[in-house]
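Chemist: let me see the structure of the following:
(2 chains)
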Amino acid sequence: MFGAGGGTSSYREIETAELIVLWGSNARETHPIFFHHVLKGVRNGARLIVIDPRRTSSARWADLWLGLEVGSDIALANGIAHEIIHAGLAREDFVRRATAGFDDYRRCVEAYPAERAEQLTGIPAGVIREVALAYARATRAQICWTLGITEHHNAVDNVLALINLALLTGHVGREGSGLNPLRGQNNVQGGGDMGAIPNRLPGFQDVEDVELRAPFEAAWDCVIPPRRGLHLSQMFDAMERGELTSLYVVGENPAESEADQHRALRLLGGLQHLVVQDIFLTRTCQLADVVLPATASWCEGEGTVTNSERRVQRVRKAVEPPPGARDDLEIVAQLAGRLGRPWGYGSAEKVWAELRGLSPMHRGMTYPRLEALDGIQWPCPSEDHPGTPTLHTRLWAEPRGGPPAPFSVVEHEPPVDELTPDFPIRLTTGRRLDSFNTGVQSSRYASPLRRGESIDLHPEDATQLGVVEGERVRVVSRRGALDAPVRLDPGLRPGLAFMTLHFPDEVPTNVLTIDAYDPKSGTAEFKATAIRVEPLAEPATT
Amino acid sequence: MSAELALSIDGRDIRVAPGTTLREACQLVGTEIPTLCFNPNFTAANACRLCVVELEGARTLVPACSRAVESGMRIQTASDRVRHSRRLVLELLGSSVDLSLAPDLGELLREYGGRPERFSEAGSATVEQPVKVDNELYVRDYSRCVLCYRCVQACGVEAQNTFAIWVSGRGFEARISTEYDAPLPDSACVYCGNCIEVCPTGALMFKSEFDLRAAGTWDEGRQSTTTTICSYCGVGCSLDLVVQDNQIVRVNSPEGNDITLGNLCIKGRFGHQFVSEPKRRERSS
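Modeler: Numbering: from 1, shown residues only, chains lettered A, B, ... in the order given. Predicted structure coming up:
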């Protein structure tokens, strides 16, 4: 946001907030230690509002739970903004001095009075007003979100809708107030910071900016393609068109993690050449022409990761990898050598030293400093800089530093996969406490909490379908079908079902999901699939 | 800003900020007060009475870990009365509880000249009982439990807020227990292992450590500890991986870490099995 892709606050700041909003995040299960900081905040008197279609284990800690319709987040955010503006609680001094585009934004949210927002979201108008007043009046307020916001076809607009709220109320750029996307994987933040996204160079620098590109071209003695590349979803579209015929996959299992799995398998299977680098022979590896066995980077090699509070942290080698497995860096460097580019990086620290030379926001982070300070939060422009716990304080500086933060006009758009009489139930997906993604890591320890995959239904839906807990049913979407046992969850609402992606060998949830994706982020709409559930006449064999 | 408070510790005068505890004040003059139930990340539990010191004018000894400094206090940290009280606490624990995996307490027993045998020879009761092994992640050996309450605190409001365990029973019958003494898989436990992290006596133990000890192959001399970052979600919890014979045998988190305060979740604490999964070796052939 505002030119920097990271959360604005430190975890410890959550403890001092007056109001904490978890929006599309079940942090109690998906970010448990972050939730410890939330609980400290609650113990310190903070009010906790959880916005999630499911009444999750996080929601059980909330003063207020808003069980909105899946995919109606923008309508809710704009409705809240409408109430804030009409109550005269917009932070006008901040809006004037630190933002741009407020008039267009105000005209946009004028179309979202609480009554209309209620129709779109299912949240009573009075509750929308209550949240609006609480957020605007809090001295320090935090909005934290996860994939409930970003796994939608309009993910970026969803995020912008939340940023708008913070700009409207001045809840950003000050200690204790902020906007925080909780990253789902241990180096999602670092991957983006290092340029492992299609439009950025290391240091989150725009690849399409000739001036930013120049130092890299000098350092690497090459010409960098001046245009952004493809994100994951665009790559699959390019495979469909026959334009992308070779793929090198590092540490990802798209054969099981991609939405619309039938399509993903067909496209991966149709490639001319597939190389997969992973620690296990995953389903994707099984489709590959070449498999490069890799080390588990977090404990079998050296390097850094970056967490959700922008803290660059050292990972260190604790165990020897199995014979034949090689460090990711070694594999990539050797590959480069065979391609005629002997890079000569001897160690992760040497790569890091080069990065520091090219990325201003990492410049002050030497390995010894990362060690001594237990990680450093970017930006850290020089070796005497302590790192930045709170981002965008420039917006409050006198005079304001840098350009104003823009409001964005964003409109409600329902999920792509429509509910119809044939597909009347909304399926949403997520994680459980003891498991992770497609289970490559988490399926291999003996968790006493593990109960296997299921389709979770509200008891009323189960009664209407005439099915009971544990009974196997057929789940059908417009793209595929599978059989799964029923689990009853009164935390769901009638018409809302829930599954995870954790056990693809048992239940391949992604044969159901839709690969409609956000044009900017490329994230598929895992959170909103239209399904029907059919009782099975007799026990099925899958 | 309130004025500093003056007190004397073992005859030495010192001034400290209001809110400082006696234990902290003692630390400032270089006197370490022994503690058992105290954990720097938790509110003082006031359970073990090992940290007592003598406050001039007070009828009873006072717990240094929680008692705040007041102006004009005169404190004795090693008087006969203090030493006698600490010795008795240690002897009673030593006579009834298996302290063989609590080296710190053993050392204190020696330092205070404690003789637990004067109770055990007299046939005093012990808390000996079978080890509870009811899941693959951690075991509970309450023969080693000194009732310091740290696990209860870690499971409760001080950290995890799961409330799977509490103290049940009264007096000598007091035990740490799940609801209705249910096995862990039937309890509210979420296997964060934050209770193991704070257990000072080995009563709560990783199953991996328990099995190696049972096989006689647990060997701290062959172990190394490396700090790294968890491989799961994006919070970035620091893990101290304890490795023996190239196997991760125990996972802690540094108690001073700003992100974790020593706490982890089930994945960070126990979810590392995949690293040593035999399938990773097969494939390389």
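Chemist: correct me, but residue A:448 touches residue B:184?
Modeler: Yes - the criterion here is C-beta atoms under 8 Å, and residue A:448 meets it with residue B:184 at 6.8 Å. Yep, even glycine has a C-beta here, placed from its N, CA and C like the rest.
Chemist: now do the shared contacts for the two.
Modeler: B:135, B:191 (C-beta atoms under 8 Å, 6 or more residues apart in numbering or on different chains).
Chemist: check which helix or strand covers whichever residue of the stretch 51-200 of chain B sits closest to chain A.
Modeler: Residue nearest to chain A within the stretch 51-200 of chain B: residue B:136 (3.6 Å; C-beta to the nearest C-beta). Using DSSP states H and E, residue B:136 sits in no helix or strand.
Chemist: thought it was touching residue B:207?
Modeler: Yes - if you go by C-beta under 8 Å, residue B:136 and residue B:207 touch, sitting 5.7 Å apart.
Chemist: for the residue of the stretch 51-200 of chain B closest to chain A, give me the pLDDT.
Modeler: On pLDDT, residue B:136 comes in at 97.
Chemist: may I have the phi/psi pair for the residue lying closest to it once chain neighbours are set aside?
Modeler: Nearest non-adjacent residue to residue B:136, counting by C-beta to C-beta, 6 or more residues apart in numbering or on different chains: residue A:446, 3.6 Å away. Residue A:446 adopts backbone torsions of phi -90, psi 70, taken as degrees, to the nearest 10.
Chemist: hmm, residue A:446 is touching residue B:185, no?
Modeler: No - counting by C-beta under 8 Å, residue A:446 does not reach residue B:185; the two are 10.9 Å apart.
Chemist: what touches both of those two?
Modeler: Jointly contacting residue A:446 and residue B:185 under the rule C-beta under 8 Å, 6+ apart are residue B:135.
Chemist: how about stretch A:145-165 and chain B, any contact?
Modeler: No - counting by C-beta under 8 Å from any C-beta of the partner chain, chain B has no neighbours in stretch A:145-165; the shortest distance is 9.2 Å.
Chemist: who touches residue A:275 in this structure?
Modeler: Per C-beta under 8 Å, 6+ apart, neighbours of residue A:275: A:246, A:247, A:248, A:249, A:288, A:289, A:290, A:291, A:292.
Chemist: could you report the pLDDT at it?
Modeler: At residue A:275, the predicted lDDT confidence score is 98.
Chemist: and the next element down the chain from whichever strand or helix holds it?
Modeler: For residue A:275, the host element (DSSP H and E) is strand A:273-278. Next along the chain after strand A:273-278, taking DSSP H and E as the criterion, comes helix A:283-286.
Chemist: ok, the residue of the stretch 101-250 of chain A found nearest chain B to residue A:34 distance?
Modeler: Using C-beta to the nearest C-beta, the single residue of the stretch 101-250 of chain A nearest to chain B is residue A:183, 2.7 Å away. In this view, residue A:183 and residue A:34 are 10 Å apart by C-beta to C-beta, to the nearest Å.
Chemist: now do residue B:137: how many residues are near it, please.
Modeler: 21 (other C-beta atoms under 10 Å in any protein chain shown).
Chemist: OK, contacts around it?
Modeler: Contacts for residue B:137 were tallied using C-beta under 8 Å, 6+ apart; they are A:445, A:446, A:447, A:448, B:191, B:193, B:206, B:207, B:266, B:269, B:270.
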